[in-house]
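**Student:** Got a sequence here, can you build the structure:
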Amino acid sequence: QLQLVESGGGLVQPGGSLRLSCAASGFTLGYYAIGWFRQAPGKEREGVSCITSSDGRTYYADSVKGRFTISRDNGKNTVYLQMNSLKPEDTAVYYCAPKTLCTTATIPGFSWGQGTQVTVSS
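**Tutor:** This is a model prediction of the structure:
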């Protein structure tokens, strides 16, 4: 069973930074592209960023481009999302999920984790 655990969220002031972690349990994360998603209250879940498994190519939503950086450490079976210059509109629960490719949907049968709450507020 593919299981991912998100951590690193918290309360931060506008302009601040956080680093989220996505740790894999029971499988080798390096075999998959990994996407970060977020869901704000009353809104649908949206894709934020993705990193490929083969060459580490990265993709970003326009809303976070230049502020967020995705990276992976296959030795630690973990993917990170460094978030800088945070804005109140970044407030959401952040999730990670495995994908075959960054351009495809999440792996069939994958169950979303609890996510990690990011709140940007003064």
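**Student:** Going by C-alpha atoms from here, please, whenever you check contacts or count neighbours.
**Tutor:** Noted.
**Student:** hey, what's G47 bridged with?
**Tutor:** The residues listed as beta-bridge partners of G47 by DSSP bridges are F37.
**Student:** contacting residues for the most centrally placed residue in the chain?
**Tutor:** The central residue of the chain, meaning the one whose C-alpha is nearest the mean C-alpha position (Cα atoms, centre = their mean), is W36 at 2.5 Å. Applying Cα atoms under 8 Å, 6 or more residues apart in numbering, one finds that W36 lies in contact with G47, V48, S49, C50, L81, Y94, Y95, C96, A97.
**Student:** burial of the second one, as a residue count?
**Tutor:** Going back to what we said before, that points to V48. Applying the criterion other Cα atoms under 10 Å, we find 23 residues in the vicinity of V48.
**Student:** how much space is there between it and L11?
**Tutor:** Taking Cα to Cα, to the nearest Å as the measure, V48 falls 19 Å from L11.
**Student:** quick revisit: include distance to A23 when you put the contacts of W36 into TSV, please.
**Tutor:** As requested, the contacts of W36 are arranged in TSV below (distance: Cα to Cα, whole Å):
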residue	distance to A23
G47	18
V48	17
S49	16
C50	15
L81	12
Y94	13
Y95	11
C96	9
A97	10
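**Student:** my read is G75 is in a helix, agree?
**Tutor:** Yes - if the criterion is DSSP: H, G, I helix; E, B strand; the rest coil, then G75 is within a helix.
**Student:** What number of residues are in the vicinity of it?
**Tutor:** Applying other Cα under 10 Å, we find 9 other residues in the vicinity of G75.
**Student:** ditto for E89
**Tutor:** Residues near E89, counting by other Cα under 10 Å, number 12.
**Student:** That one in helix, strand or coil?
**Tutor:** E89 is classified as helix under three-state DSSP.
**Student:** Can you name the residues that contact it?
**Tutor:** V120.
**Student:** how much space is there between it and T78?
**Tutor:** Note on E89: its distance to T78, by Cα to Cα, is 26 Å.
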